[in-house]
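> Model the following, please.
(one chain, ligands or ions: 1)
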Amino acid sequence: MNTNIQAIGLMSGGLDSILALYLMLEQGLAVEALHALLPVHETGQLDWIQQVCQRAGVPLYVANLEAPFFELLRHPQHGYGSGMNPCLDCRILVLRAAAERRRELGAAFVFSGEVVGERPMSQNRRALDLVERRSGLQGRLLRPLSARLLPPTIPEQEGLVDRERLYGISGRSRKEQLALAETYGLRDFPTPAGGCRLTDPNFARRARDLLQHQPNFTSNDFCLLQVGRHFRLAPQIKVISGRHQAENLRLTELAQEGDLLFEVRGGVGSPVTLLRGPANPAAITAAAAITARYSDAPGPQVEVYYGAPYPQLERTMQVAPAEEAWLEQLRI
Ligand code: SF4
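From the prediction side, this is the model:
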């Protein structure tokens, strides 16, 4: 496919990627924004990116990279960052998708909002060189915010991009980016580094547990990591209990065949609890006790409804609410 698109701009929705886009548009280039859909982004991120692209007047291409992302999360060649974030492999994956899109459209180059030295794992000089090499974009990956600190790329050498109008920003301060945002009248943007759940210590702990016990996890298993309190009863058995109404609803949506759901009824506040894995009698009792513990029902015995699908929970059992010390041993 040959279009008049000259450059593919990576669009994460963060300020740096937006500034890189504006810098390229200012040079009169025809740009397509590419957003890599990864299963670690906050909900709502895509809506925001659509707004950004609409405001800037550029087409948006969304590359769904969920399946290859899960693969690299299982075996990252370059390891994890401070949480469970496999940033180098992730950057290579995203840039490869951009390289492919560049070839499809016959565009001259790819650009990103990366800033030298801004992120310890993926934006030091060695990392920037590595991801450029491994993505097959040698010489065709421009970082407009830091370009003056890096060797000239092919589009700069060929005069498609004016290097004099690029920046030499480095480090984590973001002062220069904020000043640049001001010149473009950009006031409304997400906080830096927000957005990747794998950098959040609580989420990272759950992801680590999932990889350890269920390396063949599904997309649904991964989605569940964002919801509720998590307890591991056995290598293949997990219990997840909602913390509020929205999580209760989400658990009923994510429940699949073979799962059991639990709830205390009769007008008292109760979590919905999901049991995933072989539902043996001990696991059922444990899930019921956890549900009773987080409900408002007074003990010593609580009647818990369970079954599937929700809301037809046809079975009931009487249990004592789970004790805190026991829960702490199971909590993920
Ligand atoms: S922080 Fe998350 S989304 Fe960003 S590069 Fe690292 S793993 Fe990928």
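
> In the chain, where's the longest helix?
Longest helix of the chain, by residue count under DSSP state H: helix 87-105.

> average model confidence for it?
Averaged over helix 87-105, pLDDT sits at 97.

> That helix packs against which elements?
strand 7-10, strand 31-37, strand 60-64, helix 66-74, strand 109-111, helix 125-134 (3 or more Cβ pairs under 8 Å, 6 or more residues apart in numbering; DSSP states H and E). All C-beta spots, glycine's among them, are computed from the backbone N, C-alpha and C.

> how far out from the middle of the chain is the fifth one?
If I follow you right, that is strand 109-111. Put simply, strand 109-111 sits 23 Å off its chain's centre (Cα atoms, centre = their mean, to the nearest Å).

> Okay, now the sheet partners of that strand, with direction.
strand 7-10 (parallel), strand 141-142 (parallel) (DSSP bridges).

> closest to the ligand out of those?
strand 7-10 (10.8 Å; Cβ to the nearest ligand atom).

> Just after that closest one, pick out the following helix or strand.
Using DSSP states H and E, the next helix or strand after strand 7-10 towards the C-terminus is helix 15-26.

> Which positions in stretch 147-164 come out as buried?
Ala147, Arg148, Leu149, Leu150, Thr153, Ile154, Pro155, Glu156, Leu160, Val161 (16 or more other Cβ atoms under 10 Å).

> And these, which two are furthest apart?
Pairwise distances across the buried residues of stretch 147-164 (Cβ to Cβ) peak at 19.9 Å, for the pair Leu149 and Leu160.

> Which ones among the buried residues of stretch 147-164 lie within helices?
Those of the buried residues of stretch 147-164 lying in helices (DSSP H): Ile154, Pro155, Glu156.

> In contact with the last one, which residues?
Counting by Cβ atoms under 8 Å, 6 or more residues apart in numbering, Glu156 makes contact with Leu142, Ala147, Asp162, Arg163, Leu166.

> The same query, at a cut-off of 10 Å, please.
Taking Cβ atoms under 10 Å, 6 or more residues apart in numbering, we find Glu156 in contact with Phe109, Gly139, Leu142, Ala147, Leu150, Asp162, Arg163, Glu164, Leu166.
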